[in-house]
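> sequence and predicted structure, then a few things I'm wondering about:
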Amino acid sequence: MASPIPSPSALRALRNSLSLSPLKPTHHPSTRYQTRHATLLRRPKRPYTFTQLVTLSDGSTFLHRTTSPVPVYKSTKDNRNTPLWNPSSQKLLNVEEDEAGKLRRFRDKFGRGWDAETSGEVSLRSFLGLRKLEGWCSEGV
């Protein structure tokens, strides 16, 4: 014969025990709780640096760490031979280096009226073709 059908009270007890089973500690906590793992922080990439010997225009040298693989660097322009850094140096005043010939071509085309003179007033008068006006302001004083 067939097995007897369980009573409703027995089914209710069985149903309650099945509904409580996911809350039992026998299950893995990852199925019950949301977890957040630490994110991976990558180390910054640092390039390899080489030791470089830098030679300045006056012959002085110093060591320098750089990413350039050139072992010796010879500087032709630095703060020792530039008029911007040494405005009082007499050997750097009015130095015209015409390496490419551009200055000569400019003078051939436009003349020498643009050359620097001792005062700005003299060069402006020579450019405009004016003669010096002597005493025009001192008459009424």
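That came through fine.
> which residues in the protein form helices?
Ranges of helices in the chain, per DSSP state H, are 8-20, 102-110, 120-128.
> which of those helices has the lowest average pLDDT?
When these are ranked by mean pLDDT, helix 120-128 comes last with a mean of 55.
> what's the neighbour count on K74?
Neighbour count for K74, taken as other C-beta atoms under 10 Å: 11. Bear in mind the C-beta positions are built from the backbone N, C-alpha and C, glycine included.
> report whether the expected contact of it with T55 is present.
Yes - look at K74 against T55 with C-beta atoms under 8 Å: they come within range, at 4.7 Å.
> any regions of this protein where pLDDT drops low?
Along the chain, segments meeting pLDDT under 70 span 1-2, 17-31, 94-97, 99, 114-141.
> one more time with 90
Applying pLDDT under 90 to the chain flags residues 1-41, 57-58, 76-141.
> strands along that one, start to end?
50-55, 61-66, 72-74 (DSSP state E).
> want to throw these into CSV with distance to K109?
CSV is the format used below for these (distance: least, C-beta to C-beta, whole Å):
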stretch, distance to K109
strand 50-55, 39
strand 61-66, 43
strand 72-74, 35
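> just these: most buried one?
Of all the strands of the chain, strand 50-55 has the most neighbours on average by mean count of other C-beta atoms under 10 Å, namely a mean of 14.
> show residues contacting it.
61-75 (C-beta atoms under 8 Å, 6 or more residues apart in numbering).
> can you get me a residue count around S57?
Counted with other C-beta under 10 Å, S57 comes out at 14.
> what do you get for R80?
15.
> so for it, what's the nearest residue that isn't a sequence neighbour?
D58 (5.1 Å; C-beta to C-beta, 6 or more residues apart in numbering).
> then L93?
According to C-beta to C-beta, 6+ apart, the nearest residue to L93 is P83 (7.2 Å).
> mind checking how far S7 is from A13?
10 Å (C-beta to C-beta, to the nearest Å).
> who has more neighbours out of these two?
Shown here are S7 and A13; by other C-beta under 10 Å, A13 has more neighbours (12 against 9).
> residues in contact with that one?
No contacts exist for A13 under C-beta under 8 Å, 6+ apart.
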